[in-house]
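Novice: sequence and predicted structure, then a few things I'm wondering about:
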Amino acid sequence: MKTTRFLTLTFWVATSFCVAQPRPTVLSTSALWYKQPANQWVEALPIGNSRLGGMVFGGILEDHIQFNEATLWTGSPREYQREGAAQYLPQIRQLLADGKQAEAEKLAQEHFMGRQSNQDDYSQEKVDWFAMVRRLTESKGNPSSAAFDDRSWKTMNVPTPDGWERAGLEGLDGAVWFRTSFELPEAWVGKDVVLDMGRIRDQDFTYLNGELIGSDEGIAKNRRYKIPAARINAGKNQLAIQVINLFDKGGFIGVKTSQPTFVVYPVGQQPTDGVPLSRPFNYWIQNDSPPASPRYQADYQPFGDLWLKLKGQEQATNYRRELDLTTALSRVTYQANGVRFTREYLASAPDQVIAVHLTASKPGKISFEASLDSPHKESSVRKIDNQTIALSVQVKNGALRGESQLRIQTQKGKLSISDGKLIVSEADEATLYLTAGTNFKSYQDVSGDPATLSQRPLQTLRTKTFDAVKAAHVREFQSYFSTFSLDLGHSPNEQLPTDERLQQFEKSSDPALAALYVQYGRYLLISSSRPGRDGVASQPANLQGIWNDLLTPPWGSKYTTNINLEMNYWPAEMLNLPACHEPLFAAIDELVESGRKTAKAHYNARGWVLHHNTDLWRGTAPINASNHGVWVSGGAWLSHHLWEHYQYTQDRPFLQKRAYPIMKEAARFFVDFLVKDPKTGWLISTPSNSPEHGGLVAGPTMDHQIIRDLFKNCMAASEILGTDNAFRDTIKTMYGQIAPNQIGKHGQLQEWLQDVDDPKDTHRHVSHLWGVHPGTDITWEETPDLMKAARQSLLERGDEGTGWSLAWKINFWARFRDGNHAYNMLKLLFRPAISPEGTTGGGSYPNLFDAHPPFQIDGNFGGASGIAEMILQSQGKQGATPMVDLLPALPSAFPTGYINGICAQGGFVLNIRWQNGHLSGVDITSRAGQPCVLRYGDKQLRLTTEKGKTYKLTGDLTVM
């Protein structure tokens with residue numbers, strides 16, 4: 001072990017407060033750019049102002065900006081908790097104590113899950129609707145008949161792994177008929193055969209030559225129907241399948257293996273020996289108005305699409321599409337017919353609009369049509385005045401409606417409106433201003449006026465030029481973004497477009513791409529989670545930030561609180577964006593209110609609780625299935641963010657008035673909830689689960705780590721504030737009784753109370769390592785044996801994973817102080833999610849969006865945090881002087897660089913420089929005048945600091 005050299009110095013340096021200054025713009029670390037327009041959504045470039053979000057495709061003859069407004073969701077205000085659920089809690093606990101997990105999950109599913117929307121009226125509505133579609137009342141003729149004429153039907157290529165929504169049926173629920181055929185080989189005549197169609201969402205009735213041969217329900221079931229020889233014709237056989245899907249994605253989704261589907265083969269032979277069904281399938285939408293299915297929680301919704309059809313720009317050359325992170329401007333440039341065309345796109349927070357500005361190098365060359373539409377079935381476009389059209393939308397089966405207005409300003413040229421389209425001819429330049437608003441006012445109030453919200457910004461823009469709007473936008477954005485800069489090194493790959501850099505990253509060094517990724521994460525957080533304006537709170541960044549193009553988005557694009565929502569905010573404090581935490585804090589304020597009701601109804605407990613998901617309406621009850629939905633630590637984990645904000649800012653009023661009361665009430669829930677394990681005598685969390693792994697259990701390790709963290713932080717906060725001595729004593733006593741972290745027979749950190757971990761298990765969740773990161777329950781300084789066990793657990797899980805899982809592993813390896821392993825994980829995170837063969841996997845999409853797959857933004861934020869953790873860490877023992885670790889996990893791939901404006905707990909901002917893998921200098925600015933301990937390798941330096949002063953040190957921590 002190396003000897004630690006520890007110096008204690010008390011001094012101050014009389015220098016001005018050092019705000020991190022970014023160096024001049026460098027292309028490789030400030031812009032994403034491409035040589036071609038986006039062909040799909042995950043190639044488009046995101047812009048956003050926290051409330052409005054847009055995805056810029058940048059087409060030449062047809063441009064597309066898909067847009068969102070943060071409060072457009074399904075559902076409506078309602079109560080989520082199931083009153084009386086607490087009476088079943090003792091039975092569930094006892095079943096788990098007796099080892100009867102299946103019985104406990106069954107009881108919890110029936111009586112303990114939260115209430116669903118429309119659950120009281122749905123059963124009879126479903127029966128009536130189902131009977132109607134099975135009677136074929138809408139059909140002229142019988143689609144199951146072999147002789148039915150389907151030549152007027154449309155066609156669909158199958159399978160559609162992401163649902164028929166991705167095949168043009170976005171938002172469709174209901175009953176759809178499909179027809180196809182196959183030719184029976186002569187050698188098979190007289191043989192029984194198997195029809196294999198893979199998985200179907202959700203129910204099918206399958207007919208062969210007019211006879212029903214099979215029916216099943218459920219996504220998990222592969223449809224393999226045995227057909228007796230007597231039912232099969234020699235030669236052509238006609239298949240007809242009625243598919244019924246009542247919510248979420250629909251249709252034929254295939255299988256996740258290379259095994260053939262959509263084939264017919266003789267019984268006893270392999271699918272590879274089969275004959276294929278004729279494709280594409282013909283289809284007919286029989287009914288798209290089923291009763292609203294009961295839903296545990298709501299889904300975030302797209303709002304609409306802005307389309308530009310441009311004229312006189314054929315045969316374009318020198319095309320470039322980019323997103324400048326320093327100004328939050330997207331830009332498209334190209335040449336056509338001797339003219340240089342430019343389009344700029346921005347989402348302004350000061351003016352609350354998305355703006356598109358079109359210019360040309362010669363006068364009179366701007367001609368285009370602009371139109372609005374929406375994937376919502378209930379939507380319409382109308383003319384407002386000679387410069388403005390409006391799009392109105394109504395969310396299906398929900399309380400929310402919205403209005404978007406599109407106004408155009410031109411210089412010279414002609415402007416008209418025809419058939420709901422704005423038409424510009426021969427203008428010198430043109431600017432489009434797009435607004436949007438909904439009737440959402442709060443999670444309990446939907447009495448707002450969408451028209452007023454969409455009209456108001458346009459009134460103030462009548463007297464403004466685009467240059468003024470752009471300048472205000474850039475100033476406001478840079479007030480957040482320019483507090484931080486970094487340089488991780490350079491390589492020739494910086495000259496490549498971003499998508500090509502991704503392709504090359506694993507093969508060749510490109511440290512500047514890692515720097516770009518960090519800044520992109522900061523850009524995305526600013527764009528999706530800025531503080532509210534004009535007294536209106538912003539929504540926190542959801543599973544996709546604020547960008548979503550689907551009516552049935554993955555996992556509802558909501559707020560998953562067993563990792564994903566929290567990961568969104570890992571960069572907020574360290575990467576100098578503390579204000580971006582505010583929308584999350586505002587949501588927590590509301591979750592406390594609904595969480596109190598859930599705590600009482602489900603656990604007969606005081607305080608507040610949040611399970612593994614929430615939404616716009618602040619549901620806090622357990623949802624989905626009991627084997628993963630009964631998880632009690634969401635509120636405690638969110639409380640960790642309140643404490644971290646205080647740790648980084650030293651904002652005592654925030655701690656006193658906002659953070660501590662919420663933390664205390666979260667802790668109060670666990671005072672009532674924790675029970676003594678009869679076998680060990682430890683206090684344990686039951687029922688719960690280790691997200692989303694292993695089912696409903698008693699005493700998952702992650703819960704205990706989070707609860708200890710909450711109790712520890714509450715004790716520290718109450719001491720700082722000089723309050724609640726009795727409560728502090730209570731949780732102090734309980735803290736020591738909570739089931740401890742345990743090392744299992746494989747040398748691993750146990751995930752559960754019992755030593756049942758499988759070293760061959762590669763599950764994407766590694767939740768029991770929460771105490772390593774983001775928690776501090778396990779550290780090298782205080783619990784080295786547990787740290788080694790946690791490392792062993794991560795080695796057993798393996799490096800592979802989905803996007804957010806890869807990002808979390810980067811942070812783990814940084815905490816293990818293994819920078820090169822963390823960098824190897826970064827390579828996996830940067831792996832192109834879309835291969836040259838078209839297959840998808842965890843990694844990054846061409847626009848650098850994180851791929852679960854599909855897109856989840858948490859991996860972007862977790863990856864940015866992980867890169868920062870390689871360079872600086874400041875986690876430490878609560879209540880003690882913060883230990884600021886410099887370059888704790890610097891990988892050999894980043895031998896020389898600097899980072900300015902990175903933040904540490906205790907209220908410090910640092911500029912760090914290194915060369916050839918060694919620290920060369922550090923400036924530390926104290927925002928709060930707290931003492932600090934700096935550590936680099938085996939050197940330590942204690943500082944007593946003065947608020948507002950900057951201390952300059954050499955690489956060996958000598959004062960300059």
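Specialist: Right, received. Where do you want to start? Numbering: from 1, shown residues only.
Novice: how about residue 571, secondary structure?
Specialist: The assignment at residue 571 comes out as helix when based on DSSP: H, G, I helix; E, B strand; the rest coil.
Novice: please tell me how far it sits from residue 375.
Specialist: Going from residue 571 to residue 375 by C-beta to C-beta, to the nearest Å gives 31 Å. To be clear about C-beta, it is placed using only N, CA and C from the backbone, and glycine gets the same treatment.
Novice: compare the two (neighbour count), which wins?
Specialist: residue 571 (26 against 18; other C-beta atoms under 10 Å).
Novice: how about residue 221: what's its closest non-neighbour residue?
Specialist: residue 199 (6.8 Å; C-beta to C-beta, 6 or more residues apart in numbering).
Novice: which element is that neighbour on?
Specialist: Taking DSSP states H and E as the criterion, residue 199 maps to strand 193-201.
Novice: same check on residue 403?
Specialist: Counting by DSSP H and E, residue 403 is part of strand 401-411.
Novice: between strand 401-411 and the following helix or strand past that strand, find me the angle.
Specialist: Proceeding N to C from strand 401-411, the next assigned helix or strand is strand 414-418, under DSSP H and E. If you take axes from the mean of the first three to the mean of the last three C-alpha atoms, to 10 degrees, strand 414-418 sits at 150 degrees to strand 401-411.
Novice: which neighbours in the sheet does strand 414-418 have, and how are they oriented?
Specialist: strand 421-427 (antiparallel) (DSSP bridges).
Novice: only the C-alpha atoms, please, for the strand holding residue 199, written as PDB.
Specialist: Extracted C-alpha coordinates of strand 193-201, given in PDB (Å, rounded to 0.1, in the frame of the first residue of the first chain):
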ATOM      1  CA  VAL A 193     -48.200 -29.700 -41.400                       C
ATOM      2  CA  VAL A 194     -47.300 -27.000 -39.000                       C
ATOM      3  CA  LEU A 195     -48.100 -23.300 -39.600                       C
ATOM      4  CA  ASP A 196     -45.600 -21.100 -37.900                       C
ATOM      5  CA  MET A 197     -46.400 -17.300 -37.600                       C
ATOM      6  CA  GLY A 198     -44.200 -16.400 -34.700                       C
ATOM      7  CA  ARG A 199     -45.600 -14.100 -32.000                       C
ATOM      8  CA  ILE A 200     -48.700 -11.900 -32.400                       C
ATOM      9  CA  ARG A 201     -50.000  -8.900 -30.400                       C
END
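Novice: the next helix or strand after that strand - contacts with which helices or strands?
Specialist: The helix or strand immediately downstream of strand 193-201 is strand 203-208, counting by DSSP H and E. Counting contacts by 3 or more C-beta pairs under 8 Å, 6 or more residues apart in numbering; DSSP states H and E, strand 203-208 packs against strand 193-201, strand 211-217, strand 222-227, strand 235-245.
Novice: the ones you listed: which one's closest to residue 496?
Specialist: Of all these, strand 193-201 sits nearest to residue 496, with 38.9 Å by C-beta to C-beta.
Novice: return the set of buried residues in the closest one.
Specialist: By neighbour count with 16 or more other C-beta atoms under 10 Å, strand 193-201 contains the buried residues 193, 194, 195, 196, 197, 198, 199, 200, 201.
Novice: so which of these comes closest to residue 467?
Specialist: Out of the buried residues of strand 193-201, the member with the shortest distance to residue 467 (by C-beta to C-beta) is residue 201, at 50.2 Å.
Novice: wait, isn't the closest one in contact with residue 163?
Specialist: Yes: using C-beta atoms under 8 Å, residue 201 is in contact with residue 163, at 6.5 Å.
Novice: mind listing the shared neighbours of the two?
Specialist: 248, 249, 250, 251, 253 (C-beta atoms under 8 Å, 6 or more residues apart in numbering).
Novice: so which of the residues you listed belong to helices?
Specialist: Assigned to helices by DSSP state H, none of those qualify.
Novice: so which of those residues belong to strands?
Specialist: Counted as lying in strands by DSSP state E, out of those, are 251, 253.
Novice: what about the chain, any weak spots by pLDDT?
Specialist: Scanning the chain with the threshold set as pLDDT under 70 gives 1-29, 836-840, 876-880.
Novice: enumerate every residue touching the residue sitting nearest the centre point of it.
Specialist: Most central in the chain under C-alpha atoms, centre = their mean is residue 543, positioned 2.5 Å from the mean C-alpha point. The contact partners of residue 543, taken as C-beta under 8 Å, 6+ apart, are 300, 553-560, 564-565, 856-858.
Novice: try 6 Å this time
Specialist: Neighbouring residues of residue 543 by C-beta atoms under 6 Å, 6 or more residues apart in numbering: 555, 557, 564, 856.
Novice: skipping its backbone neighbours, what lies nearest the first one in space?
Specialist: The shortest distance from residue 555 to any non-neighbouring residue, by C-beta to C-beta, 6+ apart, is to residue 543 (5.9 Å).
Novice: all strands of the stretch 501-650 of the chain, in order?
Specialist: 559-560, 613-614 (DSSP state E, counting those that start in this stretch).
Novice: parallel or antiparallel, list what pairs with the last one.
Specialist: Each strand pairing with strand 613-614, determined using DSSP bridges, is listed with its direction: strand 559-560 (antiparallel).
Novice: how close does the residue nearest to residue 555 get to residue 801?
Specialist: 17 Å.
Novice: then residue 607?
Specialist: 34 Å.
Novice: now residue 466
Specialist: 44 Å.
Novice: report the contact partners of residue 222.
Specialist: Applying C-beta under 6 Å, 6+ apart, the residues near residue 222 are 198, 199.
Novice: how about a cut-off of 8 Å?
Specialist: The contact partners of residue 222, taken as C-beta under 8 Å, 6+ apart, are 196, 197, 198, 199, 255.
Novice: what do you get for residue 299?
Specialist: Applying C-beta under 8 Å, 6+ apart, we find residue 299 in contact with 73, 74, 75, 551, 552, 553, 556, 557, 558, 615.
Novice: quick one: neighbours of the nearest residue to residue 85 once chain neighbours are set aside, just the number.
Specialist: Counting by C-beta to C-beta, 6+ apart, residue 85 lies nearest to residue 602, which is 4.5 Å off, once chain neighbours are set aside. Neighbour count of residue 602, defined by other C-beta under 10 Å: 27.
Novice: what do you get for residue 444?
Specialist: Neighbour tally, residue 444, other C-beta under 10 Å: 12.
Novice: who wins for neighbours among the contacts of residue 299?
Specialist: When neighbours are taken as other C-beta under 10 Å, the top entry among the contacts of residue 299 is residue 557 (28 neighbours).
Novice: distance of that one relative to residue 169?
Specialist: 19 Å.
Novice: the residue of the chain positioned farthest from its centre: what's it in contact with?
Specialist: For the chain, the residue at maximal distance from the C-alpha centroid (C-alpha atoms, centre = their mean) is residue 190, at 53.7 Å. Listed by C-beta under 8 Å, 6+ apart, the contact partners of residue 190 are residue 229.
Novice: tabulate the CA atom coordinates of stretch 159-177 in PDB.
Specialist: Written as PDB, here are the backbone C-alpha positions of stretch 159-177 (Å, rounded to 0.1, in the frame of the first residue of the first chain):
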ATOM      1  CA  PRO A 159     -43.200  -9.200 -39.400                       C
ATOM      2  CA  THR A 160     -43.200  -5.700 -37.800                       C
ATOM      3  CA  PRO A 161     -41.100  -6.300 -34.600                       C
ATOM      4  CA  ASP A 162     -42.100  -2.800 -33.300                       C
ATOM      5  CA  GLY A 163     -45.800  -3.400 -34.100                       C
ATOM      6  CA  TRP A 164     -48.000  -2.500 -37.000                       C
ATOM      7  CA  GLU A 165     -47.600   1.100 -35.900                       C
ATOM      8  CA  ARG A 166     -44.200   1.100 -37.700                       C
ATOM      9  CA  ALA A 167     -45.900  -0.100 -40.900                       C
ATOM     10  CA  GLY A 168     -48.200   2.900 -41.200                       C
ATOM     11  CA  LEU A 169     -50.900   2.100 -38.600                       C
ATOM     12  CA  GLU A 170     -49.700   4.400 -35.900                       C
ATOM     13  CA  GLY A 171     -52.100   4.600 -33.000                       C
ATOM     14  CA  LEU A 172     -54.200   1.800 -34.200                       C
ATOM     15  CA  ASP A 173     -56.000  -0.400 -31.700                       C
ATOM     16  CA  GLY A 174     -58.800  -2.800 -32.800                       C
ATOM     17  CA  ALA A 175     -59.400  -5.600 -35.200                       C
ATOM     18  CA  VAL A 176     -57.500  -6.100 -38.400                       C
ATOM     19  CA  TRP A 177     -57.800  -8.900 -41.000                       C
END
